[in-house]
Every structure is written in C-alpha cells, then in structure tokens.
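A.B. asks: Here you go, sequence then predicted model.
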Protein chains: 2
Amino acid sequence: MKKAKISHNVILRLPRYLRFLEDLKDSSVVRISSGELGRLMGITASQIRQDFSCFGEFGQQGYGYNVEMLMKEIGEILGIDKGRTAIVIGTGNLGRAIIGKFPFDSFGVTLTGIFDVAPDLVGSDVFGRTVRHSDTIEDFVRENNTDIAILTMPGSFAKTVAGRLSDAGIKGIWNFTHADLKSTGNVRVQSVHFSDSLLVLNYYLSNENLEEPDKN
Amino acid sequence: MKKAKISHNVILRLPRYLRFLEDLKDSSVVRISSGELGRLMGITASQIRQDFSCFGEFGQQGYGYNVEMLMKEIGEILGIDKGRTAIVIGTGNLGRAIIGKFPFDSFGVTLTGIFDVAPDLVGSDVFGRTVRHSDTIEDFVRENNTDIAILTMPGSFAKTVAGRLSDAGIKGIWNFTHADLKSTGNVRVQSVHFSDSLLVLNYYLSNENLEEPDKN
DNA sequence: TAGATTGTTAATCGATTAACAATC
DNA sequence: TAGATTGTTAATCGATTAACAATC
C-alpha cells in the first residue's frame, strides 16, 4: 500500500539492497526471506519489510521474496527504467575511471558525451568517445535533452559550471568535486565527497570500541 | 562534557562541518554562530550545538565559535592528528586520480606505497611513486606499519586482497570497489560506492516534489 | 494441513528540535 | 550593562523494532 511520504533514509538504503540482491542472484539464490536478508546485511528483518512496504507488496507469506522480482521492483523505484542520459565533464583520471569502468548500463543510464577544456584533450579519443570542448556544454545539453551532468573537473570550476548547466536545463548533477553544491528547485545534486568517507574511517580507527552500524 | 556514546550520525556529519568551515576560513570569516552556520548548511542551530557538545565546549556565549579553532577541534576528533599511513592498491585511472589529486596532507594521512599486478605497470612511475607488485603487499604492510589500504583494483579481487590485508594487520580499508566488504573486530571498512549515489540522484530526478535533506 | 513468513499496527527507542538559564 | 549566543535539559518528532493476525 503506497504511503504518502517516503523518508530519505529509506531511499539511501535501497541501493544497498540492490547490491546484496545482485550478489544473491549471482550465487543463484532464487528466493530470500527478510530474516535471511537481514542477517546477511546486518539489519533487522522488520526494517526490511517496513522499507519495502513503502512501495508495495513484493513478498509472499510463507515464502519470502523472489530475488529477481525484488531487484526489478527496487530498480524501478530508483528509476532505472527511466533511461536517463548523462555527460561527463572533466576527462582526467577520475573522469576516465568513470567513463571507462562505471556500469552505466546496469542503471539504465546512457553516457552521451564527454567534455574537457584542455586543448590537447579536446577532440581526442577516450574509451571510444571524442572529447568535446566544455564551451559547447550548454548547446549539447539543450539539443540532447541531457538529464545528468557528472562533474569530475577541478573543484574551483564546479560552481560556475553547475550554474551554466542549470541554465541549460540539466536535471541532476553528480558531483565528484570538493565544491559544496546545493540542490535547487530545478536541479538535484548528489555529491561523492571522497574525503568525508576517509575521515569517518579515520575516526573509527582511533575509536575502535564504538559500534558502527553497517552501511557499506 | 564528554558523553558516553557518540552516535554514528554525528560522526557522519563532522566531515561536512569541516568542509563548510574550510570555506568560511577561505572567505576570511573568523567567527560564526550556530545560527549562521545552520542557515549556511541547511540544518538547525540546535543540531549543531548538540553535535559539538558531544565532544566538548568549543564555543563562547554571546560570541559563537572561532572558525579556525573549531576546525582544529573537529579535525582532532576525526583523528587528523594521528598521522595515519595509507597505501593504494590498483593504479588504474581511479587509483591515479586518488594518488595524484587527493589531498592526503590535509587529513594527516601519508601515502607510503602504491601497488598493482600488471607487469607493464609494476616498477613504473605514477606521480613520482614507483608501483610495487601486489604480491609484496603483506610484507610492506607489516614492515611499514600501514594503517589504511585504499582499494581501487577490480572488485573481483577485493575480497581476497582484503583478507590478505587483514592477516597482515591492516587497520582500515577504504573500499572503492563494488565488493561488499564488512568491518570486523580488527579491520574497519568504509566504502565509496559510486553507484549508490547515482541511484539516489536518479530516484530524486523522478520524485522531484519530495523533500530531500541537504547531506552534500 | 502445519510451518513459515509476510505486511502492518503498536511499542520502543533514539535523534532532532525547542526552550532557557548561564554567561561572555 | 544589554544583547547575543552558548551548552544543556526537556519536549517532540520520526525511525526502528517488536508483535501478530493474515495467508501462502
């Protein structure tokens, strides 16, 4: 039964469910109960059932959940079926890591363009794609109805570029730079701040006895 | 006044405080009140004062907080002063991005070695460092008292390598692979799962009206 | 059928916010 | 001093967990 408001915490947990279900599928597991999955993930069966019940009834009494079916449902909740388009801005090592290795297909996202400003990179080939000049980002976004911009250029340019992208009608920004970009009414931002994660790790290195919930 | 138990949520917020304080410092702001900082970060002044009060009394009535002093305090809580050592395993594009660009110094971490298995990479120079063969990781970790291993190799090897690192006495793993590694009694794991973040962004692209708390 | 496990309601727990005396 | 703002206690709110009837 659909509930009105879905909490951010629930959304944050969905990708993790998906990863564990992927593993189960790879191990040829067909069905799983909330109890088993909870043990595997280090969370309670109650939480799992609560989370899923925000979106519908995916299980069956006495049986549990069908792994593939559940993956499909969660994938749809997360919009994998929306077929979003994305561009990468910045073709340094991080940009290349993403362009070359990130499994966009698995998430229904298509990489449609890659951009940089360095004269020796513009026009060159990176993993089979031609690097475009960043001056042409706005035109490209408008002409190709681009959903997501992936920022991997130096952080000092991020705010300016984000503004240009917003003006050009981008819908989401996946921010890998140090810059603190904020979601607005028009543009959603999700940031991957490497340093945040390292600092949390660093904290727990010196505070070993404290409990740290599994969020990985 | 030190409280017994510090919640994980508080720890997760500390790096974000640090980032905003960094920005303030860069803008030559000397003092800030919880009210101002809260407005800036999109959280309540109450939460800020509660968070800080877990660790001590960093402010002054009628004045607020001294930006630099507060940064120093939070840095110490996060163990920046511990002088940790780290190695990078995997010198592909992601490894290189981290080796070349990540500001380890700012976090009191020293990069002491980089590793790969590819014959054409072992022995070569990456940002002024010589790539060592991954077979020598255990010896290196033992001999150099290494705190943190940064995993950027293909995910299929991650579990094996993590086990070897654990046996060799590593204290923390900063995991960039797809693998679901778990913290144990001996080894802390913090993972950066790019895909989790993209999926959350993707979700909010299709659910624009829902509120999404600022966590960036 | 009997056993297992769901979806959901109620109870608990913890985290966030509000309020305010203390004090710079 | 008067105004501002802290640290902290109390109140509220929301999230997690427990319990259980429904049912496969």
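C.D. replies: Noted; the coordinates are in hand. No experiment lies behind these values; they were computed from the predicted model shown. Residues are numbered from 1 along each chain as shown, chains lettered A, B, ... in the order given.
A.B. asks: Show me what the helix ranked longest in chain A is in contact with.
C.D. replies: For chain A, the longest helix by residue count, based on DSSP state H, is helix A:8-26. Outside helix A:8-26, the residues that touch it by CB atoms under 8 Å, 6 or more residues apart in numbering or on different chains are A:32, A:37, A:40-41, A:48, A:51, A:54, A:67-68, A:70-71, A:74-75, A:77-78, A:215, B:178, B:180, B:193, B:195-196, B:199-200, B:203-204, B:211-213, B:215. Bear in mind the C-beta positions are built from the backbone N, C-alpha and C, glycine included.
A.B. asks: That helix close to DNA strand D?
C.D. replies: Yes - judged by CB under 7 Å from any atom of the strand, helix A:8-26 comes into contact with DNA strand D at A:8-10.
A.B. asks: quick revisit: which of the contacts of helix A:8-26 fall within strands?
C.D. replies: Among the contacts of helix A:8-26, the ones falling in strands (DSSP state E) are A:Ile32.
A.B. asks: sorry, back to before: drop anything exposed from the residues of helix A:8-26 next to DNA strand D.
C.D. replies: Buried residues within the residues of helix A:8-26 next to DNA strand D, counting neighbours by 16 or more other CB atoms under 10 Å in any protein chain shown: A:Val10.
A.B. asks: Tell me the one of the residues of helix A:8-26 next to DNA strand D nearest DNA strand C?
C.D. replies: Nearest to DNA strand C among these, counting by CB to the nearest atom of the strand, is A:Asn9 at 9.4 Å.
A.B. asks: For burial, what's the neighbour tally of A:Gly59?
C.D. replies: Neighbourhood size, A:Gly59 [other CB atoms under 10 Å in any protein chain shown]: 20.
A.B. asks: contacting residues for the closest residue to it other than its chain neighbours?
C.D. replies: What sits nearest to A:Gly59 in space, not counting adjacent residues and going by CB to CB, 6 or more residues apart in numbering or on different chains, is A:Tyr65, at 4.6 Å. Residues counted as contacts of A:Tyr65 (CB under 8 Å, 6+ apart) are A:31-34, A:37, A:52, A:58-59.
A.B. asks: how far away is A:Tyr65 from chain B?
C.D. replies: From A:Tyr65 across to chain B, the span is 18 Å (CB to the nearest CB, to the nearest Å).
A.B. asks: Now do whatever helix or strand that residue lives in: distance to the chain's middle.
C.D. replies: Assigned by DSSP states H and E, A:Tyr65 belongs to strand A:64-66. Relative to its chain's centre, strand A:64-66 lies at 25 Å (CA atoms, centre = their mean, to the nearest Å).
A.B. asks: in the longest helix of chain A, what counts as buried?
C.D. replies: A:10-21, A:24.
A.B. asks: With just CA atoms, put stretch A:7-25 into PDB.
C.D. replies: Taking C-alpha atoms only, stretch A:7-25 is exported to PDB below (Å, rounded to 0.1, in the frame of the first residue of the first chain):
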ATOM      1  CA  SER A   7      11.900   9.100   4.100                       C
ATOM      2  CA  HIS A   8      15.300   9.900   2.800                       C
ATOM      3  CA  ASN A   9      16.800   7.100   4.900                       C
ATOM      4  CA  VAL A  10      14.800   4.600   3.100                       C
ATOM      5  CA  ILE A  11      15.900   5.800  -0.200                       C
ATOM      6  CA  LEU A  12      19.500   5.700   0.900                       C
ATOM      7  CA  ARG A  13      19.100   2.100   1.800                       C
ATOM      8  CA  LEU A  14      17.600   1.000  -1.500                       C
ATOM      9  CA  PRO A  15      20.900   0.900  -3.500                       C
ATOM     10  CA  ARG A  16      22.400  -1.300  -0.800                       C
ATOM     11  CA  TYR A  17      19.500  -3.800  -1.000                       C
ATOM     12  CA  LEU A  18      20.100  -3.800  -4.700                       C
ATOM     13  CA  ARG A  19      23.800  -4.700  -4.300                       C
ATOM     14  CA  PHE A  20      23.100  -7.500  -1.900                       C
ATOM     15  CA  LEU A  21      20.300  -8.900  -4.100                       C
ATOM     16  CA  GLU A  22      22.700  -8.700  -7.100                       C
ATOM     17  CA  ASP A  23      25.200 -10.900  -5.100                       C
ATOM     18  CA  LEU A  24      22.400 -13.300  -4.200                       C
ATOM     19  CA  LYS A  25      21.400 -13.600  -7.800                       C
END
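A.B. asks: close to DNA strand C, is it?
C.D. replies: No - using CB under 7 Å from any atom of the strand, stretch A:7-25 stays clear of DNA strand C, with a minimum separation of 9.4 Å.
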